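Engineer: mind looking at a prediction? Sequence and model below.
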Amino acid sequence: MEYNFSEIEKKWQKNWNDTKAYKVSNISSKPKYYVLDMFPYPSGAGLHVGHPLGYIASDIYARYKRLKGFNVLHPMGYDAFGLPAEQYAIEHGIHPAISTENNIKNFRSQLDKIGFCFDWDREVKTCDAKYYKWTQWIFLQLFNSYFNRVIQKAEPIEKLIATFTQEGNIHNEIPDASFQPSNSKFQISNSKFSAEEWNAFDEKTQQEILMQYRLAFCGYGEVNWCEALGTVLANDEVVNGVSERGGHPVIKKKLRQWYLRITEYADRLLQGLQTVDYSDAMKEMQTNWIGKSIGAEISFQIVKGKTLNNSNSFTTYHSPLTVYTTRPDTIFGVDFCVLAPELDYIMDIVSAEQKQAVEEYITYVKSRSDRERQAEKKITGCFTGAYAINPFNNKNIPIYISEYVLAGYGTGAIMAVPCGDERDFKFAKHFNIPITNIIGEHFNGEEANPTKDAILSNSHFLNGIVMKDAIEIVVDKLVELKIGKRKINYKMRDAAFSRQRYWGEPFPIKWKDGVAIPLNEKDLPLLLPDVETYSPGPEGEGPLANIESWTIQQLETNTMPGYAGSSWYFLRYMDNENETEFASKQATDYWNQVDVYVGGTEHAVGHLLYSRMWTKALYDLGFISFDEPFKKLVNQGMIQGSSRFVYRITLRADISELNSNELISNKFNSNKNIFISKSIFEKVKDNQELANQLLKSKFSELGIEGFEKLKNIEAALSVLHVDVNMVDGYELNIEEFKKWRNGEYANAEFILEDGKYMCGAEVEKMSKSKFNTVNPNDLVEKYGADTFRMYEMFLGPVEQSKPWDTKGIEGVHRFLKKLWRLFFDEMKGKVWNEEKATDTELKILHKAIKKIEEDTERFSYNTAVSAFMVCVNELADTKCNKKEILEPLLILLTPYAPHITEELWHTLDNVTSVLDANYPTFNPQYLVESSKEYPVSINGKLRTNIVIALDATQQQVEQIVLANDIVKKWVEDKPIKKIIFVKNKMINVVV
RNA sequence: GCCCAGAUGGCGGAAUUGGUAGACGCAGCAGACUCAAAAUCUGCCGUUCGCAAGGAUGUGCAGGUUCGAUUCCUGUUCUGGGCACCA
């Protein structure tokens, strides 16, 4: 009886399905455990071997926890709204709902073959109206809430309105300090208004003000606008400043956008990190993203640039230049100021001489993405002709604009201190701005020194003070002189929450006279209507703007972004059929936080921060009773593709002296595909002469005539991706290659090495376009799901990225066959027996239990797989076929290879499923040792091993070691300084 | 440019807290079984010197701390992920 994996896997998958083996109840006496995978987007390309890595990891953990006696929730669903389906619809006219549904079917059938323990009854799809009804509902909660800064918590907006009518906004300052109502009749001074003022505002003004507080709010923001395509582009649709499709210019354009006021949660998001089990790197990335910094805002009076008709006098601009700085101590080292080029008032302060240059520079910056602006090494900028006055010494400071200052951070203006900041230093050098040294010898004139420990000089009242002490002194002074204030800043910006696209959740919002009116909750879901075309609407609006029945109702034409549905899906799994609530309180109280969340670091700051914010908001509003969604995060690495290359050599020559008959009859064209093997390519790639010779001899070998008539022969080399699936290791399967791409290379010629065509290789991202994707189903077909699962885990640590190589899968398959042979012999049939196990056999088993349990617990699956191999190897060596040993081993292996273990489990006369067996308990008594073979080093170099009893004392050890011949040889008669003895580890003799 | 991570044999990786570098597997080499192949089993397998015994050397690179460093520190190179509208 041999290991027939395909039959076994089919059988048990059907059985588990029929018996609803993975159905999970919300009511159980067992402790709960929630294992979640990051929401997949069902892409049209289907699964490749990289996708299931995390799913297998979480599946193993879920199954392990179940064996450990937990009620385990392990659901799966689809983040089904998204750009690719819409793009596909634009190109093929197929409704995204249809293509998405097809993709999901394909995804599901691929997943099913791998044998996951998902409870499919809990499946959710974000594009399903039953689901997005609740996404819209949560949006309304956010819209109808504000963040009370006093208690650091979201509250219903009614409460804020009530406060306004009684006390104005004395205790609730407007988050955006520069806000003014559009109706100039109602101006707000100092961001403050009284109850009387509030009550006097008209309805529209009141709504405008409330919008400044709502957690989901409307504002204006810049988007990538492509005039030629008439549409807004995603960042990754823009390459080098032009659209990826068509290469049209892309500029920044301001459009009305929805936002989530995540900045209000900045501090809570930071604090929450202390309560969750994420990697330090992950916490650091989120912390840096939030980017909290403590500093000060300082106001400088602006002296406007000269105007032509009034060339001698400077005038003071009506409002000051406010900069944000974390280093107010360097105030006397400010040699210039830099503004973000998009600030409105630049054109008000620019001098006539500089006007044109500034305008040109602003146009240039408009075509640049934030990323490009920050990554740019070349220093660019433009003087405005205006000056800022240093409030402490009245020094005139030139004002520049430059792309390295971003409008979105701080005030969009900086005070530049070249002696202390590298970018400022380079800028000063570039524009020949004199540098003031305020840190004495700490500044060498060659590079900036960002120290905080220098003693200040050239700094008036700060002279002689250490920089870090000066910070507070300056801030106090700023406050005293009313020219600045203490300020905490966050790098994080409010989250843009709308897209000018079709395939997303519609906003439950109507517009009336410029006021956003939320739909009534009972009118949800607001269904996504069908459209004729998926092309954009007028003025950069989304496709919904093309539907008259939509616009006539004055419904919002933007749709929600991809992360709307994925910000709360983990809650819906808890109670996915609920039609009256997003999830019942009973369900969310029972399942509570996700205990283990498995996914890639690519979601480090996007998805994870958004879902953390949504959770906090829902918590604040009393809908759930926990304010962090994910207790523990496990980051899986990416599986990279291992691409294979072939090398083509083509002829370039002057054929003018050939007549056309010759051209047709000769075989230059039909034989243009000549491929040379890797090592030959390596030889000729930098040697044109050799390449030409190679080509010439190949042509004469092929009997192609007329070669000698050609002039200026030149061999051209090109490197082409070739499908990894037709390469065995590095050797190309030439027959398959000839059939590839509808026989494009059917007539190809090859120059081989040792009779083989060897390919080049490189590790790249796994993607269809690189022909390096491997379909998991092909491997499941060939080796079975159990082998595939274990091999994915055996590749390396879950959290590490690694290239895929199918070759090694044989080893894991052999392991399972070897396990099988412990139960069944090809000749003899059943070999397992019920004899009593020996101490040696128990030791093998318990060593495995200890190692595998520990490794599974810490997601070190690759070493666990090794431990299984070691165990089975040792059992085979000792010819152990005893049920007493094999049965617990099967349970250990169940999370990793559920099919084979279920089959063998039943072979051992069990009638219930192995899925609910009891995990074996480790007994340390079987592993007790009395002595150890100690490695003995002399001066840190290993020289010998000596077996010594474990209870030996330092003196006994020293005696034994010094009596050893090899030790004596190395010690010779040098004096012994010290003997280091670490019990159960090693011995080192220092001479 | 900024933030984060990684780098160990021909390859994937192991070494969990500073203590025998290379577990386990792949590939390769030699052998057993076989008419043969497959399957299976046994042995070898970082580099280098040596017939061997045994030595030297070796964890991206350059330094440092330590009796002892793949592990800690400083600097540096390269690769991967993210940088706010891919998901």
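Structural biologist: Received it, and whenever you're ready, just let me know what you need. Because the structure is predicted, anything quoted here is derived from the model rather than measured.

Engineer: most proximal residue of chain A with respect to RNA strand B?
Structural biologist: Relative to RNA strand B, the nearest point of chain A is A:G811 (2.2 Å; Cβ to the nearest atom of the strand). Quick note: C-beta positions are derived from backbone N, CA and C, even for glycine.

Engineer: against A:K125, how distant is that residue?
Structural biologist: 39 Å (Cβ to Cβ, to the nearest Å).

Engineer: of these two, who's got more company?
Structural biologist: With neighbours defined as other Cβ atoms under 10 Å, A:G811 and A:K125 compare such that A:K125 has more, 20 against 14.

Engineer: so which bits of the stretch 701-850 of chain A are right by RNA strand B?
Structural biologist: A:729, A:763-765, A:794-797, A:800-803, A:805, A:807-808, A:810-812, A:814-815, A:817-818 (Cβ under 7 Å from any atom of the strand).

Engineer: before we move on, what about the stretch 551-700 of chain A?
Structural biologist: Going by Cβ under 7 Å from any atom of the strand, the residues of the stretch 551-700 of chain A near RNA strand B are A:561-562, A:566, A:600-607, A:638, A:640.

Engineer: list the helices and strands the helix or strand hosting the residue of chain A closest to RNA strand B packs on?
Structural biologist: Assigned by DSSP states H and E, A:G811 belongs to helix A:809-823. In terms of contacts (3 or more Cβ pairs under 8 Å, 6 or more residues apart in numbering; DSSP states H and E), helix A:809-823 is packed against helix A:776-783, helix A:785-794, helix A:861-877, helix A:883-893, helix A:898-907.

Engineer: adding distance to A:E2 and secondary structure, write the residues of the stretch 551-700 of chain A next to RNA strand B out as a markdown table.
Structural biologist: Output for these, formatted as a markdown table (distance: Cβ to Cβ, whole Å; DSSP: H, G, I helix; E, B strand; the rest coil):
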| residue | distance to A:E2 | secondary structure |
| --- | --- | --- |
| A:P561 | 53 | coil |
| A:G562 | 48 | coil |
| A:S566 | 45 | helix |
| A:G600 | 39 | strand |
| A:T601 | 42 | helix |
| A:E602 | 43 | helix |
| A:H603 | 44 | helix |
| A:A604 | 47 | coil |
| A:V605 | 51 | coil |
| A:G606 | 49 | coil |
| A:H607 | 46 | helix |
| A:M638 | 36 | coil |
| A:Q640 | 35 | strand |
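
Engineer: using CSV, lay out those together with distance to A:T326 and pLDDT.
Structural biologist: Output for these, formatted as CSV (distance: Cβ to Cβ, whole Å; pLDDT from 0 to 100):
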residue, distance to A:T326, pLDDT
A:P561, 32, 94
A:G562, 34, 90
A:S566, 34, 95
A:G600, 32, 89
A:T601, 28, 88
A:E602, 30, 87
A:H603, 29, 89
A:A604, 24, 87
A:V605, 21, 89
A:G606, 26, 90
A:H607, 29, 94
A:M638, 35, 86
A:Q640, 39, 86
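
Engineer: out of these, what pair is the most spread apart?
Structural biologist: A:P561 and A:Q640 (28.0 Å; Cβ to Cβ).

Engineer: of those two, who's got more company?
Structural biologist: Neighbour tally, A:P561 and A:Q640, criterion other Cβ under 10 Å: the higher count belongs to A:P561, 24 against 17.

Engineer: A:A296 against A:V474, yeah?
Structural biologist: Yes - contact between A:A296 and A:V474 holds when scored by Cβ atoms under 8 Å: they sit 7.3 Å apart.

Engineer: touching both of those two, which residues are there?
Structural biologist: Residues touching both A:A296 and A:V474 (Cβ atoms under 8 Å, 6 or more residues apart in numbering): A:P328.

Engineer: lowest-confidence helix or strand of chain A?
Structural biologist: When the helices and strands of chain A are compared on mean pLDDT, DSSP states H and E, helix A:660-665 comes out lowest with a mean of 47.

Engineer: and the following helix or strand past that one, how far from the chain's centre?
Structural biologist: Using DSSP H and E, the next helix or strand after helix A:660-665 towards the C-terminus is strand A:674-676. When C-alpha coordinates are averaged (Cα atoms, centre = their mean, to the nearest Å), strand A:674-676 and its chain have centres 40 Å apart.

Engineer: could you point out which element follows strand A:674-676?
Structural biologist: Next helix or strand after strand A:674-676 toward the C-terminus (DSSP H and E): helix A:678-684.

Engineer: just checking, A:I488 touches A:A296?
Structural biologist: No - using Cβ under 8 Å as the test, A:I488 is too far from A:A296 to be in contact (9.9 Å).

Engineer: so these two - more neighbours on which side?
Structural biologist: Neighbour count, other Cβ under 10 Å: between A:I488 and A:A296, A:A296 has more, with 24 against 11.

Engineer: and the more buried one, that's in a strand?
Structural biologist: Yes - counting by DSSP: H, G, I helix; E, B strand; the rest coil, A:A296 is located in a strand.

Engineer: what about A:N635, helix or strand, and which?
Structural biologist: Here A:N635 is covered by strand A:633-636, with elements defined by DSSP H and E.

Engineer: ok, which stretches of the stretch 601-750 of chain A are strands?
Structural biologist: With strands called from DSSP state E, counting those that start in this stretch, the stretch 601-750 of chain A shows them at A:633-636, A:639-654, A:674-676, A:711-722, A:727-728, A:731-732, A:749-751.

Engineer: direction included, what does the first one pair up with?
Structural biologist: The strands that strand A:633-636 pairs with in its sheet are strand A:596-600 (parallel) (by DSSP bridges).

Engineer: how is chain A divided into domains?
Structural biologist: Each domain of chain A is listed here as a residue range: A:33-139+A:567-636, A:155-213, A:292-490, A:642-718+A:734-746, A:776-923, A:929-990, per automatic domain parsing.

Engineer: which of those sits most buried?
Structural biologist: domain A:33-139+A:567-636 (a mean of 20; mean count of other Cβ atoms under 10 Å).

Engineer: how much distance is there from it to the middle of the chain?
Structural biologist: With Cα atoms, centre = their mean, you get 16 Å for domain A:33-139+A:567-636.

Engineer: next: stretch A:942-954.
Structural biologist: Remark: stretch A:942-954 is offset 49 Å from the chain centroid, using Cα atoms, centre = their mean.

Engineer: hmm, it touching RNA strand B?
Structural biologist: Yes - applying Cβ under 7 Å from any atom of the strand, one finds stretch A:942-954 touching RNA strand B at A:942-943, A:945.

Engineer: which other residues reach that stretch?
Structural biologist: A:929-937, A:956-957, A:960-961, A:964, A:966-967, A:970, A:979, A:981, A:983-984, A:987.

Engineer: from these, which land in strands?
Structural biologist: A:931-937, A:979, A:981, A:987 (DSSP state E).

Engineer: which among those are in contact with RNA strand B?
Structural biologist: For RNA strand B, the contacts drawn from these by Cβ under 7 Å from any atom of the strand are A:933, A:935, A:937.
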